[in-house]
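In: 3D, please:
(3 chains)
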Amino acid sequence: MVFEREAETTLACGAQTSFRSRRRRTQRHISPSVRLILRMEYVSPEGLRLDGRRPMEMRQIRAEIGAVSKADGSAIFEMGNTKVIAAVYGPREVQNRSQISNHALVRCEYSMANFSTGDRMRKSKGDRRSTEISLVIRQTMEASILTHLLPRSQIDIYVQVLQADGGTRSACINAATLALADAGIPMRDLVTSCSAGYLNSTSLLDLNYVEDSAGGPDVTLGILPKLDKVTLLQMDSKLPIDILENVMQLAIEGCKAIANYIREILLENTKQLEYRRGV
Amino acid sequence: METKPSSYSTNLVDQLVCPGDVVLDLSSMTNQTIKLGGGLRQDCDSISAMKAGRLSFSKPNKYWVENSQKRYVPHAGDSILGIVVDSRSDNFLVDIKGPAIAFLPVLAFEGGTRRNIPRFEIGTLLYVRVVKANPGMNPELSCTDATGKAAEFGALKDGYMFECTTGLSRRLLSSPTCPVLDALGKKISFEIAVGLNGRVWVNATSPQTTIIVANAIMNSETLSDAQQRIMVEKLLKRIQ
Amino acid sequence: MVGLSLGEKHFIQGGIAQDLRCDGRKRLAYRPISVETGVIPQANGSARIRMGATDVIASVKAELGRPSLLLPDKGKVSIYIDCSSTAEPAFEGRGGDELAAELSNALQHCLLGGKSGAGAGIDLSSLIIVEGKICWDLYIDGLVVSSDGNLLDALGAAIKAALSNTGIPRVQVAAGTSNDEQPEVDVSDEEFLQFDTSGVPVIVTLTKVGRHYIVDATSEEESQMSSAVSISVNRQGYICGITKRGGVGLDPSIILDMISVAKHVSEQVISKLDSEIASAEAEEES
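Out: Just a heads-up that it's a prediction; the model follows:
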């Protein structure tokens, strides 16, 4: 990977901020003047990002199965400061009789907690952004669920963002995968997702909020790791094709790393449930 | 034909698998006739898992994924606990914790005729058998065994019902007797009905015993055999 | 949840009459409470409370604002509760709004006192920076992640834990501004003032099932309740607020009896909660 840098703006300001945000410190309270300077410098001359990561480094990920004991399947997924809970209810009786079909009906609702963003705001459910993300998550999960095995039933996926720091879409998909697997819903493969971007002529893996809002390209990718297929691809902004290939490759690597982690968590969980068998 | 799974396939038997894992490759197997149980699917020559669990194998050629989940997927022949949610002229509608409401025909009782249709209030707990579980239609239940006798099936009065995972209910029904039930049964007497759909009904002479049994079973989910016995002893000490 | 059968209803009611509940508790025993603080680093303070299968998160955010004209010497606190659809499919869309509004209102009654702010569990005058000009606005947000009864007590406990986890930045007011202008302030990044939570009450909900009442009801038991009274009691043993829910009427003498029971139970809850919060804080620091 070549670390080329454009205009020489050597302001190493904030480059070494520790990646774990300190308690009681809102990361996003960066005054407009500081943000202006930062716009030029997302990768320091030493090749470090604003939160101290290397360009191809992912944030710390953590997952936990069974967070909501009432649900049929649930999981918490964290990517750095982004934290989401997913709960799955079903397969259960279709609630709206007119929607019965010979495939399982998959539904998804995405909501953000009032305290999930740096600036507190009261969010109403069902705004355009959350409807769009719900749709993206639903379509991505539908690609993996074997819906024809569960005719005349309904599967509800609820994702709740507790903290948003970039990459919520990916985190939600990863949490939903774990929750579906926990609920024992038949799936073709696990789905994992990761984002990548391109700033300061460098491909960056797993953008955080500050990098995400820099206005550069942001590629969100979802794959079926075992089948090696892409199920979700979203990108805004413009990018030359050869660089896109590069960025996509990076995102795929990220997805695979997450898939390995999710697999481990899932196996660990199964092992715990099976502990009693003494095998 | 002699069944001899190829070396490739035996590798994964008794191993934990995840959705998407390819567990068998038919092209590399000498005997290609195998029976697939729950949690596995065939895609051309490869057999892959679709649930997380432990891959199990039973001679001669059965493979399945042993998993534990909260929802139930009906299979014909399973004994389960259902709750009456509505009644129609020819069917009772029963919730079985599954993907669809199940039908219990009003005549599916021992000696059932149009004259002696039983009356069940909404909320009644029933011990029933799944008769039909075809995709695309609601599962059908029956309150008789295969020979038409009432056997143990029917409404469960009094007692207390709690929900657990399907894995736990399978374990409670497995033989030799599950250690938690074995340890409890030696000390106290109680009635229990375990449904494969992850519902367990317990009844005893005193509510105290019922609660002890229910809590012991719920706690046993993630404990090993020896731990289960210790836990039961601890609980029993508290009532003596 | 599907309905309970007649036998089970009898069992739950009979058990409560015999002072033995389905999970082996006595009538006036709480489920084990687990507290985790600092779960939302972006907030000024936050806490997650788990009681059995009930799971709630509360966060506190402080923002600079102007005090209202009627109460120039007091800051403002607002409480919003949100019921996540993860807790119950019925909360999907706008389904949880009604319960959320009921919980928000009950918590405001119990913690904030009347319109004048008198009798509030949270000391509003400690939030003032310059009288009539600048004060702190505290936004308390609660989120119900998983619900298995007794949400109000859990939310009350979570808010108490979140407040004791809250650090409010020290503010320097630039001297020498005239009376009409808005004074300039300098919010410190380093220094935080611990919020005084000694006066924040706990909420004890007594659920009446049959002739008896129980604390910390699960959703199974709540389905059998005739009425419920939520009483908030502070450390000194003063009643800070009462809310009655449920349709059936109560004899005034029973209400008085319930209050004295709640007062007794609250002492245990406060000490339990205090020790849990302290150990959660200690864990977070390490």
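In: show me what from chain B comes close to chain C.
Out: Chain B comes close to chain C at residues B:83, B:85, B:95, B:121-125, B:156-162, B:207-208, B:210-212, B:214-215, as judged by Cβ under 8 Å from any Cβ of the partner chain. Glycine gets a C-beta too; all of them are placed from N, C-alpha and C.
In: could you redo the last one with a cut-off of 6 Å?
Out: Applying Cβ under 6 Å from any Cβ of the partner chain, one finds that chain B approaches chain C through B:83, B:95, B:123-125, B:157-161, B:207-208, B:211, B:215.
In: which among those gets closest to A:R128?
Out: Taking Cβ to Cβ as the measure, A:R128 lies nearest B:D95 of the residues of chain B next to chain C, at 36.8 Å.
In: where does pLDDT dip in the stretch 151-279 of chain A?
Out: Within the stretch 151-279 of chain A, the stretches with pLDDT under 70 are A:274-279.
In: for it, which residues are neighbours of chain C?
Out: Counting by Cβ under 6 Å from any Cβ, the positions of the stretch 151-279 of chain A adjacent to chain C are A:D156, A:Y158, A:Q160, A:Q163.
In: try it again with 10 Å
Out: Selection of the stretch 151-279 of chain A residues close to chain C by Cβ under 10 Å from any Cβ of the partner chain yields A:Q154, A:D156, A:I157, A:Y158, A:V159, A:Q160, A:V161, A:L162, A:Q163, A:A164, A:D165, A:A179.
In: contacting chain B as well, which ones from these?
Out: A:Q154.
In: what's the longest helix in chain B?
Out: Scanning chain B for the longest helix, with DSSP state H as the assignment, gives helix B:225-239.
In: what would that one look like as PDB? C-alpha coordinates only.
Out: Backbone C-alpha positions of helix B:225-239 (Å, rounded to 0.1, in the frame of the first residue of the first chain) are rendered in PDB as follows:
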ATOM      1  CA  ASP B 225     -24.100 -33.500  35.300                       C
ATOM      2  CA  ALA B 226     -22.300 -33.200  38.500                       C
ATOM      3  CA  GLN B 227     -23.100 -29.500  38.900                       C
ATOM      4  CA  GLN B 228     -26.800 -30.300  38.400                       C
ATOM      5  CA  ARG B 229     -26.800 -32.800  41.200                       C
ATOM      6  CA  ILE B 230     -25.100 -30.300  43.600                       C
ATOM      7  CA  MET B 231     -27.500 -27.500  42.600                       C
ATOM      8  CA  VAL B 232     -30.500 -29.800  43.300                       C
ATOM      9  CA  GLU B 233     -29.100 -30.800  46.700                       C
ATOM     10  CA  LYS B 234     -28.600 -27.100  47.600                       C
ATOM     11  CA  LEU B 235     -32.200 -26.300  46.600                       C
ATOM     12  CA  LEU B 236     -33.700 -29.200  48.500                       C
ATOM     13  CA  LYS B 237     -31.800 -28.300  51.700                       C
ATOM     14  CA  ARG B 238     -33.500 -25.000  51.700                       C
ATOM     15  CA  ILE B 239     -36.900 -26.500  52.100                       C
END
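In: now for the residues of chain B next to chain C: which two are most distant?
Out: The span of the residues of chain B next to chain C, defined through Cβ to Cβ, is set by B:D95 and B:Q208 at 29.0 Å.
In: surely C:L152 touches C:A228?
Out: Yes - using Cβ atoms under 10 Å, C:L152 makes contact with C:A228 at a distance of 8.7 Å.
In: overlap in contacts, those two.
Out: Contact criterion Cβ atoms under 10 Å, 6 or more residues apart in numbering or on different chains; residues shared by C:L152 and C:A228: C:T205, C:T243, C:R245.
In: how much space between the second one and C:L103?
Out: C:T243 sits 10 Å away from C:L103, going by Cβ to Cβ, to the nearest Å.
In: between these two, which one's more packed in?
Out: Taking other Cβ atoms under 10 Å in any protein chain shown, C:T243 and C:L103 do not tie; C:L103 has more neighbours (23 against 19).
In: quick check, the more buried one in a helix?
Out: Yes - applying DSSP: H, G, I helix; E, B strand; the rest coil, one finds C:L103 inside a helix.
In: what separates it from B:N219, distance-wise?
Out: When C:L103 is compared with B:N219 (using Cβ to Cβ), they lie 31 Å apart.
In: now A:A214: which helix or strand?
Out: Per DSSP states H and E, A:A214 falls between elements, in no helix or strand.
In: these two touch, right, it and A:D236?
Out: No - look at A:A214 against A:D236 with Cβ under 10 Å: they stay out of range, at 12.0 Å.
In: first-to-last residue distance for stretch A:190-209?
Out: One end of stretch A:190-209 sits 26 Å from the other (Cα to Cα, to the nearest Å).
In: ok, stretch A:231-248 next?
Out: Stretch A:231-248 has an end-to-end distance of 13 Å (criterion: Cα to Cα).
In: gap between it and the chain center?
Out: On the basis of Cα atoms, centre = their mean, to the nearest Å, stretch A:231-248 sits 17 Å off its chain's mean C-alpha point.
In: and it with chain B, contact?
Out: No - using Cβ under 10 Å from any Cβ, we find that stretch A:231-248 stays clear of chain B, coming within 12.3 Å at best.
In: got the buried residues for that stretch?
Out: A:T231, A:L232, A:M235, A:L239, A:L244, A:N246, A:V247, A:M248 (16 or more other Cβ atoms under 10 Å in any protein chain shown).
In: which residue is the nearest non-sequential neighbour of the fourth one?
Out: Looking back up the chat, that one is A:L239. What sits nearest to A:L239 in space, not counting adjacent residues and going by Cβ to Cβ, 6 or more residues apart in numbering or on different chains, is A:P217, at 4.6 Å.
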